[in-house]
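1. let's see this in three dimensions:
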Amino acid sequence: MSANTQQTDYIRKVALIGGSGQVGSHILTHLLGTSKHQVTVLTRLSSDAAFPTNDNLTVTKVDYDDDNALTEALSSHEFLIITISARAPATLHPRIVAAAAKAGVRWIMPNYFGYGIGDRKLKGRNELNNFERFIEDVDKTPGADYVALVCGFWYEFSLAMGEPWLGFRIRERSVTMYDQGEKKISMSTWDACGRAVAGLLSLPVKADATKDGLTISSFLVSQRDILESLHRVLGTTDEDWKIRFEPVEKRLEDGKKQFKEGKMLGFAKALYAEVFACEWGNYETGRELDNEKVALEKEDLDEATKRAVEMAMGPMGDIEGRFG
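-> Below you'll find the model as predicted:
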């Protein structure tokens with residue numbers, strides 16, 4: 001896909017796995033909003049997820065354990081978007097990719113929503129290279145090319161989830177700052193992700209398009225910036241919060257140790273600390289983003305923070321306790 005090509009055709013038939021999920025639902029909303037695409041959402045046979053009524057939407061229930069059923073459901077589609085839980089069986093993603101390739105799907109957006117592709121390998125940090133395996137699933141599959149969404153951490157999700165993620169416990173008005181909390185990283189909202197994917201698939205198709213990344217960012221922010229946004233949203237000051245500081249490298253090592261001990265919160269702690277510890281958490285300074293290419297408008301940080309606060313005060317705010 002390219003903004004510069006003179007071709008007039010664009011992707012019309014899109015398959016989406018995970019259309020009721022956190023980022024998948026936003027992608028679906030904006031794909032349907034273009035009225036340009038015929039979208040097929042694949043769901044499990046046991047799923048009771050509700051989807052909007054739309055002439056351009058087909059919902060197909062599939063046995064994910066049946067490779068032939070997956071291939072049949074994906075046939076005649078040009079583009080596949082995979083958004084599945086990180087806790088899904090490790091064999092599921094490569095099986096979906098293989099089925100898509102067998103069905104003749106040319107482009108696949110793998111279950112990778114993060115930072116620059118290959119940055120961990122380039123910087124010698126492979127221990128947490130958990131999600132790049134999804135890109136590798138496509139890369140090693142003949143007949144398929146990937147288009148990965150480089151979007152950084154999801155802003156609302158990361159802020160609402162709890163201390164092991166961005167360091168904040170909104171309910172308790174507490175935050176752990178990595179070092180001094182001044183390191184800025186790139187992050188994106190779910191809505192921006194949805195708009196970006198819909199914008200990309202509405203562009204003319206470039207005939208020689210192969211493996212690529214779509215790089216977007218909603219905000220380049222530090223923990224201090226986020227705390228100031230929380231103050232504006234909640235009407236608080238530093239005096240209302242318990243603020244502690246922790247060396248980011250210590251937090252990274254503690255998280256990896258906890259993860260090796262089987263504590264899932266350790267993975268979140270290490271994953272986020274790693275991004276704050278490395279320079280590639282800011283992937284937009286000195287580089288060109290694709291925001292303009294896919295017509296992303298500038299977002300309001302405080303509005304995104306409000307959504308995160310609402311999430312933190314709801315059921316998602318208990319997620320840390322459930323994992324702990």
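2. low-confidence stretches in this structure?
-> The chain contains residues with pLDDT under 70 at 1-8, 118-130, 207-211, 318-324.
3. all the helices of it, residue numbers only.
-> Under the criterion DSSP state H, the chain contains helices at 24-34, 67-74, 92-103, 119-122, 132-139, 155-161, 163-166, 190-201, 223-234, 248-260, 264-277, 301-313, 319-323.
4. what's in contact with stretch 225-241?
-> If you take C-beta atoms under 8 Å, 6 or more residues apart in numbering as the criterion, stretch 225-241 is touched by 159, 166, 168, 170, 173-175, 181, 184, 219, 221, 243, 301-302, 305-306, 309. C-beta coordinates here come from the backbone N, C-alpha and C atoms, glycine included.
5. same thing but 6 Å
-> Here stretch 225-241 makes contact (C-beta atoms under 6 Å, 6 or more residues apart in numbering) with Arg173, Leu301, Asp302, Thr305, Lys306, Val309.
6. can you give me the buried ones in it?
-> For stretch 225-241, the neighbour count (16 or more other C-beta atoms under 10 Å) marks Ile226, Leu227, Glu228, Ser229, Leu230, His231, Val233, Trp241 as buried.
7. same question, stretch 273-280
-> Ala273, Glu274, Val275, Phe276, Ala277, Cys278, Trp280.
8. again, but for stretch 206-223
-> Neighbour-count burial for stretch 206-223, counted by 16+ other C-beta under 10 Å, picks out Asp212, Gly213, Leu214, Thr215, Ile216, Ser217, Ser218, Phe219, Leu220, Val221, Ser222, Gln223.
9. show me how far it is from its chain's centre.
-> Centroid separation between stretch 206-223 and its chain, computed with C-alpha atoms, centre = their mean, to the nearest Å, is 11 Å.
10. pretty sure Val150 sits against Ser217.
-> No: the criterion here is C-beta atoms under 6 Å, and Val150 misses it with Ser217 at 8.7 Å.
11. rewinding a little: quick one: closest of the helices of the chain to Ala15.
-> Ala15 lies closest, by C-beta to C-beta, to one member of the helices of the chain: helix 67-74, at 5.5 Å.
12. residues in contact with that closest one?
-> By C-beta under 6 Å, 6+ apart, the list of residues contacting helix 67-74 from outside reads Ala15, Leu42, Thr60, Val62, Asp63, Ala99, Ala100, Lys102, Ala103, Val105.
13. circling back: taking the contacts of stretch 225-241 together, which two end up most distant?
-> Spatial extent of the contacts of stretch 225-241 (C-beta to C-beta) is set by the pair Arg173 and Leu301 at 19.1 Å.
14. quick one, which of the two is more surrounded?
-> Of the pair Arg173 and Leu301, Leu301 is the one with more neighbours under other C-beta atoms under 10 Å, namely 20 against 14.
15. around the nearest residue in space to Asp254 that is not next to it in sequence, how many other residues sit close by?
-> Counting by C-beta to C-beta, 6 or more residues apart in numbering, Lys269 is the residue found nearest to Asp254 once chain neighbours are left out, at 6.8 Å. Close neighbours of Lys269, defined as other C-beta under 10 Å, add up to 24.
16. how close does Lys269 get to Ala148?
-> Here the criterion is C-beta to C-beta, to the nearest Å. By it, Lys269 lies 25 Å from Ala148.
17. kindly state the domain boundaries assigned to this structure.
-> The chain breaks down into these domains under automatic domain parsing: 13-151+189-215, 154-187+219-283+298-319.
18. nearest to Leu289, out of these?
-> Ranking the domains of the chain by proximity to Leu289 (C-beta to C-beta) places domain 13-151+189-215 first, at 5.6 Å.
19. still on that earlier bit, nearest to Ile135, of the contacts of stretch 225-241?
-> The closest of those, once distances to Ile135 are taken by C-beta to C-beta, is Leu301, at 29.4 Å.
20. ok so, going back, got TSV for the helices of the chain, with distance to Glu284 too?
-> Listed next are these as TSV, based on distance: least, C-beta to C-beta, whole Å:
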stretch	distance to Glu284
helix 24-34	21
helix 67-74	34
helix 92-103	28
helix 119-122	13
helix 132-139	20
helix 155-161	14
helix 163-166	18
helix 190-201	13
helix 223-234	15
helix 248-260	20
helix 264-277	14
helix 301-313	15
helix 319-323	29
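21. which among those is found nearest to Asn56?
-> Of all those, helix 24-34 comes closest under C-beta to C-beta, at 5.9 Å.
22. list the buried residues in the closest one.
-> Within helix 24-34, judged by 16+ other C-beta under 10 Å, the buried ones are Gly24, Ser25, His26, Ile27, Leu28, Thr29, His30, Leu31, Leu32.
23. next: stretch 146-165.
-> Within stretch 146-165, the residues that count as buried by 16+ other C-beta under 10 Å are 146-165.
24. surely Ile17 and Ile82 touch.
-> Yes: counting by C-beta under 6 Å, Ile17 does reach Ile82; the two are 5.0 Å apart.
25. now stretch 252-261: buried residues?
-> Applying a neighbour-count criterion of 16+ other C-beta under 10 Å, the buried positions in stretch 252-261 are Leu252, Asp254, Gly255, Lys256, Gln258, Phe259.
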